[in-house]
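[1] return atomic coordinates for the entry below.
(chains A and B)
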Amino acid sequence: MASLMKSSKRVSEAIDELLSRGVTEIIDRTHLRKVLLAGKPLRIKLGIDPTGPRIHLGNAVIIRKLRDFQRLGHKAVFIVGDFTAQIGDPSDKLAKRPMLTALEVKANLKSYRDQLSKIIDLSRAEFVFNSRWLSKLTFKEVALLAETFTVQQMLARRNFKERYEKGTEISIREFLYPLMQGYDSVEVKADVEIGGFDQLFNVMAGRTIQQFYGQKPQDILTGEMLEGTDGRKMSKSWGNVINITDEPNDMFGKVMSVRDDLIIKYFTLTTDVSLEEIKIFEKDLKSGKLNPRDAKARLAREIVSLYHGDAAAKKAEAEFDKVFRTKGLPSEIKTKKLTKPVFELAELLVATRLAKSKSEAARLIGQGGVKIDGIEQSDFREKISLSKEGVLIQVGKRNFLRVSL
RNA sequence: GGGCAGGUGGCAGAGCGGUCAAUUGCAUCAGACUGUAAAUCUGACGCCCAAGCGGCUACGGGGGUUCGAAUCCCUCCCUGCCCA
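    Below you'll find the predicted structure:
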């Protein structure tokens, strides 16, 4: 009896954390809380638009939420938006999205399941492709569906509004996206839909459309958006993304390059470190008791071990310290074989793709960024002779390459 | 269909006949510093070479005017706004 009390208390705490940690919006909060506490398994929908093949830490935030629901005994219903991806989600872009071909979607999808399985238990999840039903809708049904929203309502959506006011184009096609996503909720009979905060409009549309089809509206939960390493929106085109498939060393380094003021947010959204401990970090960072560098090293360890295991995380940290703290050589250096025995330095950098052009190579050398066997080079016309043992080229702080014959 | 405003380097955005390979900001890269691939500061940031007050290619495409065009003209394509 006592243990039952204790475990139900744990469940209630877990629910509290589920509904608060990294959460921006819950509708309908009281309802969702009630049904969660009741414990009846719910169908939790998460739509993923497979426009890109890699899952990054920002995407992972909400996938981890799905995992939390799953741990409480609810059904994860994964919607792969193979159909919607062909239309393009307007949520996160201020520009028109290109239409993806079916072929591209298929290619993007290939590694998706593997990546997801790093976070959630796919054997207990439903995994459905929305082309199954969306491709069958008739024009008439689409027209009826379109009746559930007015142009004004669509334009109320922030990124449409911005574009509208700015005078950049908005395609009618983009208005269709929330309708389709909402229709997905009808098809899978979602009790809850979760998504990033940028999905608020889309998941809300699910409520409207479910009611249109006589279903109870799903509850919705949106998660905080995670900024990229430089503090801007995490985006592939910004190059500030940490992918969950990144190699341990790379992942560790990228986390170390996260801006200091994002440390706490990263702990909260991307790790399983307890909220109590995070609170202590926050306090100690503020008071100066905890060095941000050390906090970040811990953060990096947590994240790397989440996706690659503890051993890899420890190794990555040791490697990072070796290369960047003590300015040593990395333990693994890529090697490349060339056939020509003598190169001008600039040519060598181009041949090894350490520089894009000879002009760039000359610049790098002029700025003191190139070392051969540890010795800084100053003349880009210096003749470099290759041998079987090879020479070690270093460009900048973190590009190492051994070149031999 | 008509009128108007635009299309410039990865992006934003100046320039509006020569001194423009093109101001500036962001991004990027290198260096210094450090607490790290953080922050800050400094510098670089089309390509080629025999490296120079050097050559070549670039300001939506094509054609023209001019000694000379990102800048003027014609034409085509594209985008936005307004009117129908």
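[2] which residues sit in contact with the residue of the stretch 301-405 of chain A found nearest RNA strand B?
    Nearest to RNA strand B in the stretch 301-405 of chain A, going by CB to the nearest atom of the strand, is A:Gly396, at a distance of 2.0 Å. In this view, the C-beta of every residue, glycine as well, is placed from N, C-alpha and C. A:Gly396 makes contact with A:Leu364, A:Gly369, according to CB atoms under 8 Å, 6 or more residues apart in numbering.
[3] now do A:Thr148
    Applying CB under 8 Å, 6+ apart, one finds that A:Thr148 lies in contact with A:Leu179, A:Gly182, A:Thr208, A:Ile209, A:Phe212.
[4] and A:Lys356, by the same measure?
    With CB under 8 Å, 6+ apart, A:Lys356 has these contacts: A:Val350.
[5] now the phi/psi pair for it, please.
    Per-residue torsions, A:Lys356: phi -80, psi -30 (degrees, to the nearest 10).
[6] and the gap between it and A:Leu364?
    A:Lys356 sits 10 Å away from A:Leu364 when distances are taken as CB to CB, to the nearest Å.
[7] which stretches of chain A have low pLDDT?
    Counting by pLDDT under 70, chain A shows low-confidence ranges at A:1-6, A:50-53, A:85-102, A:104-105, A:108-109, A:163, A:165-169, A:237.
[8] returning to that earlier point: of the contacts of A:Thr148, which ones also sit close to RNA strand B?
    Among the contacts of A:Thr148, no residue sits close to RNA strand B (CB under 7 Å from any atom of the strand).
[9] let's have those residues in TSV, adding distance to A:Lys254, neighbour count and secondary structure.
    Listed next are the contacts of A:Thr148 as TSV, based on distance: CB to CB, whole Å; neighbours: other CB atoms under 10 Å; DSSP: H, G, I helix; E, B strand; the rest coil:
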residue	distance to A:Lys254	neighbour count	secondary structure
A:Leu179	37	23	helix
A:Gly182	36	27	helix
A:Thr208	39	16	helix
A:Ile209	39	24	helix
A:Phe212	44	15	helix
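[10] for A:Ile365, helix, strand, or coil?
    At A:Ile365 the chain is in helix, as set by DSSP: H, G, I helix; E, B strand; the rest coil.
[11] neighbours around it, how many?
    Residues near A:Ile365, counting by other CB atoms under 10 Å, number 22.
[12] now the nearest residue in space to it that is not next to it in sequence: which helix or strand?
    In this structure, A:Ile365 finds its nearest non-sequential neighbour in A:Phe380, 4.5 Å apart by CB to CB, 6 or more residues apart in numbering. When elements are assigned from DSSP states H and E, A:Phe380 belongs to no helix and no strand.
[13] wait, A:Ile278 touches A:Tyr266, no?
    No: applying CB atoms under 8 Å, one finds A:Ile278 not in contact with A:Tyr266, separated by 9.9 Å.
[14] more neighbours: those two, which one.
    Neighbour count, other CB under 10 Å: between A:Ile278 and A:Tyr266, A:Tyr266 has more, with 24 against 18.
[15] which residues of chain A fall in strands?
    According to DSSP state E, chain A carries its strands in the segments A:23-27, A:43-48, A:75-80, A:125-129, A:192-196, A:219-223, A:335-337, A:342-344, A:370-372, A:375-376, A:383-385, A:391-395, A:399-404.
[16] using CSV, lay out these together with mean neighbour count.
    As requested, those are exported to CSV (neighbours: other CB atoms under 10 Å):
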stretch, mean neighbour count
strand A:23-27, 16
strand A:43-48, 24
strand A:75-80, 22
strand A:125-129, 16
strand A:192-196, 25
strand A:219-223, 24
strand A:335-337, 12
strand A:342-344, 16
strand A:370-372, 20
strand A:375-376, 10
strand A:383-385, 13
strand A:391-395, 19
strand A:399-404, 17
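[17] how many neighbours does the residue nearest to A:Ile365 have?
    A:Phe380: 21 neighbours (other CB under 10 Å).
[18] one more: A:Ala146?
    For A:Ala146, the neighbour count with other CB under 10 Å is 14.
[19] which residues does the nearest residue to it once chain neighbours are set aside contact?
    Residue nearest to A:Ala146 in three dimensions, not counting chain neighbours: A:Leu179, with 6.3 Å by CB to CB, 6+ apart. Residues counted as contacts of A:Leu179 (CB under 8 Å, 6+ apart) are A:Val142, A:Leu145, A:Ala146, A:Thr148, A:Phe149, A:Ala205, A:Ile209.
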